[in-house]
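Asker: what follows is a predicted structure for the sequence shown.
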Amino acid sequence: MSECIAQQEEIIHQENIKHISWDDLDKRKYYTIGPTIMLGVRIIVYPPMLIKTRLQVQKHKSNYNGTLDAFRKIYKYEGIRGYYKGFGTSTLSMFSGQIYITTFEVIREKAPTSQASKSLIAGTVASLAGQTLTVPIDIISQKQMMYGQRIQKDGQPKLTSAYSVAQKIFRQNGLRGFYKGYVASILTYTPNSGIWWAAYYKFTQFYGSMRPAGTPDMVIQGMSGPSAAIVASWLTNPNDIIRTRLQVEGGKDTIKTTLLKLIKEEGVLSLWTKGLTARFLSAIPSGFFLSVSYELVKKLSMKPEAKMKQCDG
């Protein structure tokens with residue numbers, strides 16, 4: 001048995017990628033290893049996420065003249081901590097992340113269609129399932145991201161806890177305030193998720209068809225994730241700008257009024273360019289780590305009998 005498991009550990013170097021089904025996984029391992037790895041990924045990609053949020057919300061170039069300028073000014077006025085404002089709050093969304101990935105795996109397993117269509121459907125449904133928990137967390141963490149952009153009179157950046165932000169939201173808008181931009185979130189993350197997974201599958205086919213003999217599967221997966229992220233991020237950037245503005249600014253604006261206001265202030269082209277570089281800086285490494293870690297977590301979480309079955313196959 002130990003020899004067979006050792007062979008399974010080397011499967012990543014084989015020509016053909018063997019699918020690991022939901023039933024093949026040890027769920028205890030899966031739900032322990034997965035969040036641990038994804039926490040590390042979040043630490044890496046959080047600063048670009050914060051910068052993307054600030055760039056999308058600002059009017060014209062009122063605070064930052066692009067992504068690099070934002071990196072410099074945040075470090076100058078807020079220090080390293082400035083890159084991680086709202087990070088603690090955002091990690092709570094990892095719980096909804098488990099709902100997301102579980103829904104994705106189950107739906108993809110059951111959907112009676114092609115692999116690309118399965119991935120599209122499963123990614124879309126999974127995002128819908130996770131948004132109810134994710135939106136309140138996003139609203140609070142995004143508001144925390146926005147604080148301290150300018151030095152206060154006492155020379156210290158303004159810091160605000162998640163509790164005080166939540167209190168303010170509830171005082172001003174009640175429970176509805178925690179779901180501001182909910183529809184916009186659905187219209188952002190649902191297509192983004194579906195497009196990402198469908199594109200990821202297509203890119204694994206595309207790169208896989210051209211790879212030299214002996215190329216590890218992880219190389220193909222590591223190339224496919226960022227490629228899928230570029231496609232999904234660019235196509236859904238207008239949705240993401242509108243969602244971010246609605247959730248950060250609050251008020252009575254709707255999707256329509258926010259869209260019209262943005263076009264009037266900065267032009268139609270801004271829908272596909274505003275905050276896009278920062279979004280790519282977040283989405284591309286996220287795509288890489290998500291694809292590689294997703295496949296790795298599944299391999300590490302396989303039941304011994306499933307490993308034996310793949311060895312026998």
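Answerer: That came in fine, so what should we check first?

Asker: where does residue 302 fall, phi/psi-wise?
Answerer: Note on residue 302: its backbone torsions stand at phi -70, psi 140 [degrees, to the nearest 10].

Asker: and it, how far is that from residue 100?
Answerer: When distance is defined by CB to CB, to the nearest Å, residue 302 is 21 Å away from residue 100. (Glycine included, C-beta is placed from N, CA and C.)

Asker: cool, residue 227 as well?
Answerer: Relative to residue 100, residue 227 is positioned 21 Å away (CB to CB).

Asker: more crowded one of these two?
Answerer: Neighbours were tallied for residue 227 and for residue 100 using other CB atoms under 10 Å; the higher tally belongs to residue 100 (24 against 20).

Asker: show me the helices in the stretch 201-313 of the chain, by range?
Answerer: Shown for the stretch 201-313 of the chain, the helices assigned by DSSP state H, counting those that start in this stretch span residues 217-249, 255-266, 270-273, 276-300, 304-312.

Asker: so where is the stretch 101-250 of the chain shaky, pLDDT-wise?
Answerer: Counting by pLDDT under 70, the stretch 101-250 of the chain contains low-confidence ranges at 149-159.

Asker: now do 50
Answerer: Where the stretch 101-250 of the chain drops to pLDDT under 50, the residues are 151-156.

Asker: ok, residue 263 - contacts?
Answerer: With contact set as CB atoms under 8 Å, 6 or more residues apart in numbering, residue 263 has these partners: 270-271.

Asker: pLDDT at it, what is it?
Answerer: The predicted local confidence for residue 263 comes out at a pLDDT of 95.

Asker: what's the spacing between it and residue 270?
Answerer: In this view, residue 263 and residue 270 are 8 Å apart by CB to CB.

Asker: can you say which of the helices of the stretch 201-313 of the chain is nearest to residue 132?
Answerer: helix 217-249 (14.7 Å; CB to CB).

Asker: and that closest one, how far out from the chain's middle?
Answerer: Remark: helix 217-249 is offset 7 Å from the chain centroid, using CA atoms, centre = their mean, to the nearest Å.

Asker: just how off-centre is stretch 91-106 within its chain?
Answerer: 11 Å.

Asker: how about the CA coordinates for that stretch, as PDB?
Answerer: Listed in PDB are the C-alpha atoms of stretch 91-106, where the atom choice follows Å, rounded to 0.1, in the frame of the first residue of the first chain:
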ATOM      1  CA  THR A  91     -10.800  36.500   6.800                       C
ATOM      2  CA  LEU A  92     -14.300  35.800   8.100                       C
ATOM      3  CA  SER A  93     -15.400  35.200   4.500                       C
ATOM      4  CA  MET A  94     -13.300  32.000   4.600                       C
ATOM      5  CA  PHE A  95     -16.300  30.400   6.200                       C
ATOM      6  CA  SER A  96     -18.400  31.300   3.200                       C
ATOM      7  CA  GLY A  97     -15.500  30.100   1.100                       C
ATOM      8  CA  GLN A  98     -16.100  26.600   2.400                       C
ATOM      9  CA  ILE A  99     -19.700  26.800   1.400                       C
ATOM     10  CA  TYR A 100     -18.600  28.000  -2.000                       C
ATOM     11  CA  ILE A 101     -16.100  25.200  -2.700                       C
ATOM     12  CA  THR A 102     -18.500  22.500  -1.400                       C
ATOM     13  CA  THR A 103     -21.300  23.800  -3.600                       C
ATOM     14  CA  PHE A 104     -18.900  23.900  -6.600                       C
ATOM     15  CA  GLU A 105     -17.700  20.400  -6.100                       C
ATOM     16  CA  VAL A 106     -21.200  18.900  -5.600                       C
END
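
Asker: list the buried residues in that stretch.
Answerer: By neighbour count on 16 or more other CB atoms under 10 Å, the buried set for stretch 91-106 is 91-94, 96-97, 99-105.

Asker: which of those residues lies closest to residue 55?
Answerer: Distances from those to residue 55 were compared by CB to CB; the smallest belongs to residue 93, at 21.1 Å.

Asker: quick check, the closest one in contact with residue 139.
Answerer: No. Under the criterion of CB atoms under 8 Å, residue 93 makes no contact with residue 139, lying 11.2 Å away.

Asker: for residue 178, what are its contacts?
Answerer: Applying CB under 8 Å, 6+ apart, we find residue 178 in contact with 135-136, 139-140, 166, 169-170.

Asker: the same query, at a cut-off of 6 Å, please.
Answerer: residue 136 (CB atoms under 6 Å, 6 or more residues apart in numbering).

Asker: tell me the backbone dihedrals of it, please.
Answerer: Backbone torsions for residue 178, taken as degrees, to the nearest 10, come to phi -80, psi -10.

Asker: and for the nearest residue to residue 21 once chain neighbours are set aside, the neighbour number?
Answerer: The shortest distance from residue 21 to any residue other than its chain neighbours is 6.2 Å, reached at residue 109 (CB to CB, 6 or more residues apart in numbering). Around residue 109 there are 13 other residues, counting by other CB under 10 Å.
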